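> Pasting the sequence and the predicted model now:
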Protein chains: 2
Amino acid sequence: MAVGGEEGTVTGRAPTLDEVAREAGVSRSTASRAINGGERVSPKAQAAVDAAIARLGFSPNRAARALATSHTGSIALVIPEPDERFLTDPFLLGVLRGVNRGLVDSENQLVLLIAHEGQSPGRMASFLNAGHVDGAIVASPHRGDQIEETMRGSRPVVFIGRPFVSEGMSYVDVDNVEGGRLATQRLIDAGRRRIGTITGTLDMTAALDRLEGWRAALSAAGLPDDAVEGGQFGIEQAEAATHRLLDRVPDLDALFVASDTMAIGVRRALQARSLSVPGDIALIGFDNLGPAENMTPGLTTVDNPLLMMVQEATRILLDRIRDPQRPPEALVLPARLVERGSV
Amino acid sequence: MAVGGEEGTVTGRAPTLDEVAREAGVSRSTASRAINGGERVSPKAQAAVDAAIARLGFSPNRAARALATSHTGSIALVIPEPDERFLTDPFLLGVLRGVNRGLVDSENQLVLLIAHEGQSPGRMASFLNAGHVDGAIVASPHRGDQIEETMRGSRPVVFIGRPFVSEGMSYVDVDNVEGGRLATQRLIDAGRRRIGTITGTLDMTAALDRLEGWRAALSAAGLPDDAVEGGQFGIEQAEAATHRLLDRVPDLDALFVASDTMAIGVRRALQARSLSVPGDIALIGFDNLGPAENMTPGLTTVDNPLLMMVQEATRILLDRIRDPQRPPEALVLPARLVERGSV
DNA sequence: CTGTTAGCGCTTTCAC
DNA sequence: GTGAAAGCGCTAACAG
């Protein structure tokens, strides 16, 4: 492991491997081996190189290394969401923290690729294929992203959230169906009989799956599953959807909301109509990524183990970069209900 | 040697400049010139190269280019905050969006550097000095960060938020002093006379400056400036600080809180004591980066033009990378009060 | 275990 | 305007 440059003479120019080798009294190749794992290097040479590195404050030039190995030592985090909303969401922060943790002590650097507003959809894919990074983590793919198709057979990619076309792809997800079912079952167990849902953006599998879970629980209990509104993750949209739903289904007594952030909007709508939670309407959200914790009063929700998901995704990615023969890996983590009194 | 290369067939391997040159019927140097601005290239050659590039789907290898030019084509966004809180904050999201926007159509890629928990403080600095990136944007530096010192005289760096040691450094900031003054003056104008403040982490200039603005307004009005508590940006800390302050200063009738996020905690404390806003206590926050907008009831606050700050920072950085002779640039954007009824 | 020898793909003098 | 040639700093066979 290369040591940083606290020591060493300040030359203005970064020292090269050649200089290290000379300083250590060995050849460049020996120095190189010593740096990369120390295979077939005598303890003596190793020590000399280590010392030289420390003395000079040497740090290997990534570009040169990448050129020689055709491994860039960097992985991309792709945010295919051109939408402003996404970047306001605690989701992205979780992803960032997870990737970052997963990358600790891996010598890899994180390249952030965020979709720009009017940018051609295939641009990111071509960036990835151009070999500028060794692999990528794609956060929350949407139906219609070019990403999935273009990524096939190129550098390894791991998706956060199951992509629409998932065969042959690596991804990590939370069990959204089970989460939706758990939440809805909880409402049923609480004695609610007219249970609606405010869905997220239905071009994402997460939203579809949560809806499916809701539906499954209701149909298992023989309850009606027609109280559906929504279609967009977003506070205002959720607020409007709630109003629409209440207009249509006045006897509603519970709501499963596809995300905690959306629940903010739902609560506003309920408040506007002087409906109490959980008195009039029981409420369960999804995610538990921050908003739910800070809400007063609390919001019962389904825990989305995002941090772990992302860390796992990073691990899978690094494994596949290390060994390209590895088969794709799909991992679905269990969902868990977190009680906070809104039921 | 891999077979193929004559045709634009998909070889699995990315095409090289050599292949482009051959395809275009020119030398590698001419192809290179054509790609980089087209100086001293005949229109005919230019067209041939362009066509070849399109046909082959060529994209220059960044590593090779970096090696040849000693310009990596990537800039770092440094988050020197090992603290979990920071990554829960809308601040980081604003920074991300700003940098990202500033980088549109600049061919630069964004490398994210987030401090890890137990990581030696100088590690980031040495990464930056190692020449892995062409420059860096440092978000919200703390007193005691090695960053400022180590950065001196190396690659260009622009700080978001004035660093403690600011001479000779480029930075962009909002006028925090004026913001604190504006907020406090607004409280005074509303007839409040016992005005306290809950401060942020005082190892950041933003927190210190906001406090100074508060103090300035009070002393100009001849009001006491001893109602100070806090010391950490953070919801729980702010909540606790508010309790302490109310214990100590029971006749408090207004509060300037160093951030909107902290105001969440402040409100909890007030609510716990059955104090109304603005009836009993008038409240003004700082930032207007999201939390304030979603709060019910609304929170009057000071607008932090973060997005613009960061975009400007990015511009300054790119300018300095392009022309290293440029002198450091400091930019302080005006603060502005946003009324939302909590006064 | 070690040094020599070739490149990795690109830019850049420098002659022509 | 163009091409030949020389690297940028590193790794990776391959002999010793």
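Done, it's in.

> make it CA atoms for all contacts and neighbour counts henceforth
Noted.

> How is A:Val302 classified with respect to secondary structure?
Assigned with DSSP: H, G, I helix; E, B strand; the rest coil, A:Val302 falls in the strand class.

> isn't it right up against A:Asn288?
Yes - contact criterion CA atoms under 8 Å: A:Val302 and A:Asn288 qualify, at 6.5 Å.

> which one of these two has more residues nearby?
A:Val302 (27 against 23; other CA atoms under 10 Å in any protein chain shown).

> Is chain B within reach of stretch A:124-133?
Yes - part of stretch A:124-133 sits near chain B under the criterion CA under 8 Å from any CA of the partner chain, namely A:Ala130, A:Gly131, A:His132.

> For the last one, list the residues it contacts.
Going back to what we said before, that points to A:His132. Contact criterion CA atoms under 8 Å, 6 or more residues apart in numbering or on different chains gives A:Thr72, B:Asn61, B:Arg62, B:Ala63 as the residues in contact with A:His132.

> State the helix or strand in which the first one lies.
Mapping A:Thr72 onto the secondary structure by DSSP states H and E places it in no helix or strand at all.

> Counting neighbours, what do you get for it?
Look at A:Thr72: counted by other CA under 10 Å, it has 22 neighbours.

> Am I right that it is in contact with A:Leu128?
No - counting by CA under 8 Å, A:Thr72 stays clear of A:Leu128, with 11.7 Å between them.

> need the residues of the stretch 1-150 of chain A near chain B, please.
A:4-6, A:12, A:14, A:59-64, A:66-67, A:72, A:87-88, A:90, A:93, A:97, A:100-101, A:104, A:109-114, A:116, A:130-132.

> Show the buried residues in those.
The neighbour-count test (16 or more other CA atoms under 10 Å in any protein chain shown) applied to those identifies A:4-6, A:14, A:59-64, A:66-67, A:72, A:87-88, A:90, A:93, A:97, A:100-101, A:109-114, A:116, A:130-132 as buried.

> Could you tell me which of those residues belong to helices?
Among those, the members falling in helices are A:Arg62, A:Ala63, A:Ala64, A:Ala66, A:Leu67, A:Pro90, A:Leu93, A:Arg97, A:Asn100, A:Arg101 (criterion: DSSP state H).

> from those, which are also near DNA strand C?
Filtering these for proximity to DNA strand C (criterion: CA under 7 Å from any atom of the strand) leaves A:Ala64, A:Leu67.

> Just the closest of the ones in helices among the buried ones among the residues of the stretch 1-150 of chain A next to chain B to A:Ile281, please.
When these are ranked by distance to A:Ile281 (CA to CA), A:Pro90 comes first, at 25.6 Å.

> count of neighbours near the closest residue to that closest one other than its chain neighbours?
Counting by CA to CA, 6 or more residues apart in numbering or on different chains, A:Leu289 is the residue found nearest to A:Pro90 once chain neighbours are left out, at 6.2 Å. Per other CA under 10 Å, the neighbour tally for A:Leu289 reads 24.

> A:Leu289 - that's part of a helix, no?
No - secondary structure assignment places A:Leu289 outside any helix; it is coil (three-state DSSP).

> these two touch, right, A:Thr201 and A:Ala207?
Yes - with contacts counted by CA under 8 Å, A:Thr201 reaches A:Ala207, the gap being 6.0 Å.

> now the strands for chain A?
A:74-79, A:109-114, A:135-139, A:157-160, A:170-174, A:195-199, A:228-230, A:254-257, A:282-284, A:301-303, A:330-333, A:336-338 (DSSP state E).

> any chance of those in a markdown table, plus mean pLDDT and distance to DNA strand D?
What follows is the strands of chain A, written out as a markdown table (pLDDT from 0 to 100; distance: least, CA to the nearest atom of the strand, whole Å):
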| stretch | mean pLDDT | distance to DNA strand D |
| --- | --- | --- |
| strand A:74-79 | 92 | 14 |
| strand A:109-114 | 91 | 16 |
| strand A:135-139 | 92 | 18 |
| strand A:157-160 | 94 | 22 |
| strand A:170-174 | 96 | 26 |
| strand A:195-199 | 98 | 49 |
| strand A:228-230 | 93 | 52 |
| strand A:254-257 | 98 | 51 |
| strand A:282-284 | 97 | 52 |
| strand A:301-303 | 97 | 43 |
| strand A:330-333 | 98 | 29 |
| strand A:336-338 | 97 | 44 |
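
> In CSV: these, plus distance to DNA strand C.
Converted to CSV, the strands of chain A look like this (distance: least, CA to the nearest atom of the strand, whole Å):
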stretch, distance to DNA strand C
strand A:74-79, 17
strand A:109-114, 20
strand A:135-139, 17
strand A:157-160, 21
strand A:170-174, 27
strand A:195-199, 46
strand A:228-230, 48
strand A:254-257, 50
strand A:282-284, 53
strand A:301-303, 46
strand A:330-333, 32
strand A:336-338, 48
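
> of all these, which lies closest to A:Ile53?
Go through the strands of chain A one by one with CA to CA and the one that ends up closest to A:Ile53 is strand A:109-114, at 21.4 Å.

> Give the pairing partners of that closest one; include direction for each.
Strand pairing for strand A:109-114, using DSSP bridges, gives strand A:74-79 (parallel), strand B:109-114 (antiparallel).

> now the last one and strand B:135-139, what's the angle there?
Here strand B:109-114 runs at 40 degrees with respect to strand B:135-139, directions being taken by axes from the mean of the first three to the mean of the last three CA atoms, to 10 degrees.

> From chain B, how far out is the spatially closest residue to A:Leu275 that is not a sequence neighbour?
Counting by CA to CA, 6+ apart, A:Ile281 is the residue found nearest to A:Leu275 once chain neighbours are left out, at 6.9 Å. Relative to chain B, A:Ile281 is positioned 19 Å away (CA to the nearest CA, to the nearest Å).

> is stretch A:42-56 anywhere near DNA strand C?
Yes - applying CA under 7 Å from any atom of the strand, one finds that stretch A:42-56 is in contact with DNA strand C at A:Ser42, A:Pro43, A:Lys44, A:Ala45, A:Gln46.

> so who does the third one touch?
Read it as A:Lys44. Under the criterion of CA under 8 Å, 6+ apart, A:Lys44 has no contact partners.

> now A:Val20
For A:Val20, the residues meeting the contact criterion (CA under 8 Å, 6+ apart) are A:Arg28, A:Ala31, A:Val49, A:Ala52, A:Ile53, A:Leu56, A:Phe58.

> out of those residues, which are inside helices?
Secondary structure defined by DSSP H assigns A:Arg28, A:Ala31, A:Val49, A:Ala52, A:Ile53, A:Leu56 of the contacts of A:Val20 to helices.

> Specify which residue of A:Thr201 and A:Ala207 has the higher count of neighbours.
Between A:Thr201 and A:Ala207, counting by other CA under 10 Å, A:Ala207 is the more crowded of the two (22 against 16).
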